[in-house]
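Trainee: Here's a sequence, model it:
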Amino acid sequence: MRDRIIGALDTGARRGELLLIQNTHIDWKHDPPRIYIPGENNKGGRERVVPVGTTRLQEVFRRRRFLGAEAFVFGDEQGRHISGFRTAWEAVLAAAKVTDPSNDLDGDLHWHDLRHECGSRLAERGVPLHDIQYLLGHASIVTTQRYLNVTLEALAESVKVLEIGTG
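Mentor: Coordinates of the predicted model:
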């Protein structure tokens, strides 16, 4: 599950898109490498190219290369396609005590929330909204805006631009 979580956080790909990434979709000729998400593998129906921006995600792809070009990077141990992983995700939440009512944790963390987290992290680091829209594969920028969670820390930094120098 660790590799799938890294994949979700570092690509913003939908679960179905992530599970359909094969080694053949990774282009190592570029720096950074690129993931080609075919149109037939995503909701929008348009091919999308996502640069592999983190060394941890590159490491996931390197570890799975030996399985062959047709292997599914986020599939099973042999690189076979899997259609879902609900039980494994629920086990991760339980192990992390996200589902521990005694600690006021209701387990309300869904796989799709990792996609939102990716978009929010990109926005916090100043990535333009239209770039985030493309990376997440949204047809409408309005959808992208709904994905982004604003933090008080980010707002505090934003309002600093209002300070007028007293020099």
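Trainee: residue ranges of the strands in this structure, please?
Mentor: Taking DSSP state E, the strands of the chain run over residues 26-27, 34-37, 48-51.
Trainee: Give me the mean pLDDT for the last one.
Mentor: When pLDDT is averaged along strand 48-51, the result is 92.
Trainee: wait, doesn't residue 114 sit right on residue 8?
Mentor: Yes. Assessed by CB atoms under 8 Å, residue 114 is found in contact with residue 8 at 3.9 Å. No exception for glycine: its C-beta is placed from N, CA and C like everyone else's.
Trainee: Now the common contact residues for these two.
Mentor: Residues touching both residue 114 and residue 8 (CB atoms under 8 Å, 6 or more residues apart in numbering): none.
Trainee: Run through who's touching the longest helix seen in the chain.
Mentor: Under DSSP state H, the helix in the chain containing the largest number of residues is helix 111-124. Outside helix 111-124, the residues within contact range by CB under 8 Å, 6+ apart are 5, 8-15, 89, 129, 131-132, 135-136, 144, 147-149, 151, 154.
Trainee: tell me which residues of it are tucked away?
Mentor: Within helix 111-124, the residues that count as buried by 16 or more other CB atoms under 10 Å are 111, 114-123.
Trainee: Give me whichever of the strands of the chain is most buried.
Mentor: Most buried of the strands of the chain, by mean neighbour count (mean count of other CB atoms under 10 Å): strand 34-37, with a mean of 19.
Trainee: With only the CA atoms kept, save that strand in CSV.
Mentor: The C-alpha trace of strand 34-37 is given here as CSV (Å, rounded to 0.1, in the frame of the first residue of the first chain):
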residue,chain,number,x,y,z
ARG,A,34,7.1,11.3,-17.4
ILE,A,35,4.0,9.2,-16.9
TYR,A,36,1.7,9.0,-19.9
ILE,A,37,-1.9,8.4,-18.8
